[in-house]
Every structure is written in C-alpha cells, then in structure tokens.
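Peer 1: just to be clear, the model below is a prediction. Sequence and coordinates:
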Amino acid sequence: MFEQTWKKYLPVIVILLKRSVNGEQLLHMNNTDFQRAAGGRKIKFSFYDLQLNDGRLSNSSGHSTFAKEFAMVLQTNELTRKLVKNQQFEFSMNNQFQLVIKNITAATEPKEEELIENS
C-alpha cells in the first residue's frame with residue numbers, strides 16, 4: 001500500500017543512510033503523501049525501534065504493517081541493500097512524519113582504528 005510512497009523518498013533515505021555514520025539523521029516527509037496512499041483508512045503512521053541488523057529485520061513481531069513495508073522497501077532496493085549490509089540501523093517515525101535514522105553499528109562494534117591500536 002505504501003511501497004510507492006516509500007520509494008519516492010528512497011533517494012533521500014540513501015543519502016541519510018550514508019550520513020548516519022556521523023550521527024542521527026532526520027527526514028521530514030509530507031503527510032499528504034502517506035494519507036493519500038492510505039486511501040482514507042485510519043492507520044497509525046508512527047513506529048519506533050525498527051532495527052535492521054545486517055539487512056535483516058531483527059524485531060519484526062512488534063511492528064505494524066506500515067513499518068514492515070518500509071523495511072521491505074529497504075531490503076529489496078539494490079542500493080539500500082548494499083548500504084545496510086554488515087551494518088546495524090535503527091529507524092523511528094513520529095506522528096509529524098519525521099523519519100529518524102540511526103546507525104548503531106559504531107556503538108556496538110569497535111572501530112577499525114581501535115582494532116589496529118590493540119594489535
């Protein structure tokens with residue numbers, strides 16, 4: 001239902017995925033895009049703590065179809081699939097249609113420089 005809407009924002013999401021190495025990224029999206037795609041149905045557009053670990057959705061059971069569809073678009077696009085491989089990301093979207101992208105790989109794995117120094 002929302003696949004085309006997510007694909008509209010995919011080029012910007014790709015840029016933010018790359019920038020997320022330096023810190024949390026925020027994308028302000030247009031609420032009318034999602035409301036049109038919903039076709040008048042009442043849908044909860046927010047989600048929290050959606051995690052992709054090595055390109056796989058790690059906590060899928062607690063998320064809405066809306067959130068899972070977002071993850072599916074990331075997993076099926078060739079460019080985003082390469083970006084999320086060997087990385088850990090956390091995504092959240094609030095009621096103001098702001099998508100927050102966090103690269104949590106750096107927080108959980110030692111940096112390359114640290115590995116070299118400890119050798």
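Peer 2: Everything's here; your move. Residues are numbered from 1 along each chain as shown.

Peer 1: what about the strands in the chain?
Peer 2: Counting by DSSP state E, the chain has these strands, from start to end: 25-28, 47-53, 56-57, 88-93, 98-103.

Peer 1: for the last one, name the packing helices and strands.
Peer 2: Of the remaining helices and strands, those touching strand 98-103 by 3 or more Cβ pairs under 8 Å, 6 or more residues apart in numbering; DSSP states H and E are helix 3-19, strand 25-28, strand 88-93. Any C-beta I mention is one placed from the backbone N, CA and C, and that applies to glycine too.

Peer 1: go with 10 Å
Peer 2: Counting contacts by 3 or more Cβ pairs under 10 Å, 6 or more residues apart in numbering; DSSP states H and E, the secondary-structure elements packed against strand 98-103 are helix 3-19, strand 25-28, strand 47-53, strand 88-93.

Peer 1: select the helix or strand of the protein having the lowest average pLDDT value.
Peer 2: Confidence across the helices and strands of the chain bottoms out at helix 112-117, with a mean of 54, counting by mean pLDDT, DSSP states H and E.

Peer 1: dead centre of this structure: give me the residue that sits there.
Peer 2: The centroid of the chain falls nearest to F91 when counting by Cα atoms, centre = their mean (4.3 Å).
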